[in-house]
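In: All I have is the shape, not the residue letters:
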Ligand SMILES: C[C@@](O)(CCOP(=O)(O)OP(=O)(O)O)CC(=O)O
Ligand SMILES: [Mg+2]
């Protein structure tokens, strides 16, 4: 029988929130992970997709020497001391002249734990669109363009996929509205909802060190984990308790994101939904054996929680990571 705390934590994570990170169940070998410092060992980028009711996209014209005159979505690097939403609002105001509110995270992109980009669907709430008369170092101007005929040249074509994600979300929301939860964190880490399902039964991997909890894996900033991406930290934790060669592990995506930014807590905690299944299609109605004492499989029997979790799994109702 799971503790109330565990049921509450899973319910919170499924609702896009979650408890603050107290400790990690897995960390890179060797030295304990160093606290992350924005602009020193991590770079976070925010990017906003505005899609009007007339299916127009807000683009800014870059002023930087290396991409001057090209068009891009409002985006920029976060600064120390600001929350993710404050950074988004600052970048949109600087580059497009508009005030805005984020509606939901649309995607998270990472090139290893030291470069993470948060992509939001956002809506304008005021301000005056920046024209070429207000050109400055932040941007030359901003303008709305029909999604079917964006201006050229683009600074990079990666935004085309993000605009499509926004249009698809507007058409049919694949996941609930998810916004960053302002909670301090010292590391780049991932809280895992690792599930095994058989028929309509679902088990969740639980850490036993301390009180039962959803396991947290710390991401390393060393070259191996940088090259491998944030999935390396997930596979590292799973390898510590499961025999992976006869399992299929799928990282479904994000259930939520925790970050504060103020008071030098530059870390982030991504709440990630993961599935494990047996490679052989034989009837396996029990979860794979766990090595050691640090984890166990919790059969989720609380009806509402079970149906919420199964619904998220069946619909892949998560924010995509690197997709
Ligand atoms: C890094 C980008 O996602 C764009 C955001 O960075 P900027 O170059 O626009 O930075 P600011 O000067 O802070 O606005 C492009 C990329 O290569 O990823
Ligand atoms: Mg920018």
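Out: That came in fine, so what should we check first? The shown structure was predicted, so the numbers you read here are calculated from the model rather than taken from an experiment. Ligands and ions are numbered 1, 2, ... in the order given.

In: Residue 176: what secondary structure?
Out: At residue 176 the chain is in coil, as set by DSSP: H, G, I helix; E, B strand; the rest coil.

In: how close does residue 237 get to ligand 2?
Out: Residue 237 sits 35 Å away from ligand 2, going by CB to the ion, to the nearest Å. (C-beta placed from N, C-alpha, C; glycine too.)

In: In a helix, that residue, correct?
Out: Yes: counting by three-state DSSP, residue 237 is located in a helix.

In: for it, what are its contacts?
Out: The contact partners of residue 237, by CB atoms under 8 Å, 6 or more residues apart in numbering, come to 25, 26, 192, 215, 217.

In: Please repeat the previous calculation with a cut-off of 10 Å.
Out: Residue 237 is in contact with 24-27, 190, 192, 194, 205, 207, 215-218, 274, 294-295, counting by CB atoms under 10 Å, 6 or more residues apart in numbering.

In: Near ligand 1, which residues of the stretch 101-250 of the chain are found?
Out: Applying CB under 6 Å from any ligand atom, we find that the stretch 101-250 of the chain lies next to ligand 1 at residue 117.

In: Could I get the full set of strands for the stretch 101-250 of the chain?
Out: In the stretch 101-250 of the chain, the segments counted as strands under DSSP state E, counting those that start in this stretch are 115-127, 141-146, 181-182, 188-198, 201-207, 216-218, 247-259.

In: looking at the ones you listed, which is buried most?
Out: Ranked by mean neighbour count, those are led by strand 216-218 with a mean of 25 (mean count of other CB atoms under 10 Å).

In: Residue 153 - how many residues pack around it?
Out: By other CB atoms under 10 Å, 11 other residues sit near residue 153.

In: Could you find the closest non-adjacent residue to it?
Out: residue 70 (4.8 Å; CB to CB, 6 or more residues apart in numbering).

In: what about the one you found, how many neighbours?
Out: Residues near residue 70, counting by other CB under 10 Å: 18.

In: Please report how far it lies from ligand 2.
Out: 11 Å.

In: Nearest to ligand 2 within the stretch 201-323 of the chain, name that residue for me.
Out: Closest contact between the stretch 201-323 of the chain and ligand 2, by CB to the ion, is at residue 261 (18.1 Å).

In: Return the residues in contact with that residue.
Out: With contact taken as CB under 10 Å, 6+ apart, residue 261 is in contact with 38, 44, 78-87, 180, 182, 184-185, 267-268.

In: helix/strand/coil for residue 58?
Out: strand.

In: For it, give the beta-bridge partners.
Out: Assessed by DSSP bridges, residue 58 has beta-bridge partners residue 144.

In: residue contacts, it?
Out: Residue 58 touches 48-52, 73-74, 92, 95-96, 98, 100, 122, 124, 129, 142-145, counting by CB under 10 Å, 6+ apart.

In: I'd like the distance between it and ligand 1.
Out: According to CB to the nearest ligand atom, to the nearest Å, residue 58 stands 15 Å off from ligand 1.

In: again, but for residue 269
Out: 22 Å.

In: tell me which residues form a beta bridge with residue 110?
Out: With DSSP bridges as the rule, residue 110 is bridged to residue 116.

In: Isn't it up against residue 323?
Out: No: contact criterion CB atoms under 10 Å: residue 110 and residue 323 do not qualify, at 11.4 Å.

In: quick one, which of those two is more surrounded?
Out: Counted by other CB under 10 Å, residue 110 and residue 323 do not tie: residue 110 has more neighbours, with 20 against 10.

In: Neighbours of the closest residue to residue 311 other than its chain neighbours, how many?
Out: Leaving out its chain neighbours, the residue that sits closest to residue 311 by CB to CB, 6+ apart is residue 317, at 6.8 Å. Per other CB under 10 Å, the neighbour tally for residue 317 reads 18.

In: quick one, what contacts residue 317?
Out: With CB under 10 Å, 6+ apart, residue 317 has these contacts: 14, 173, 174, 175, 176, 252, 253, 255, 273, 308, 311.
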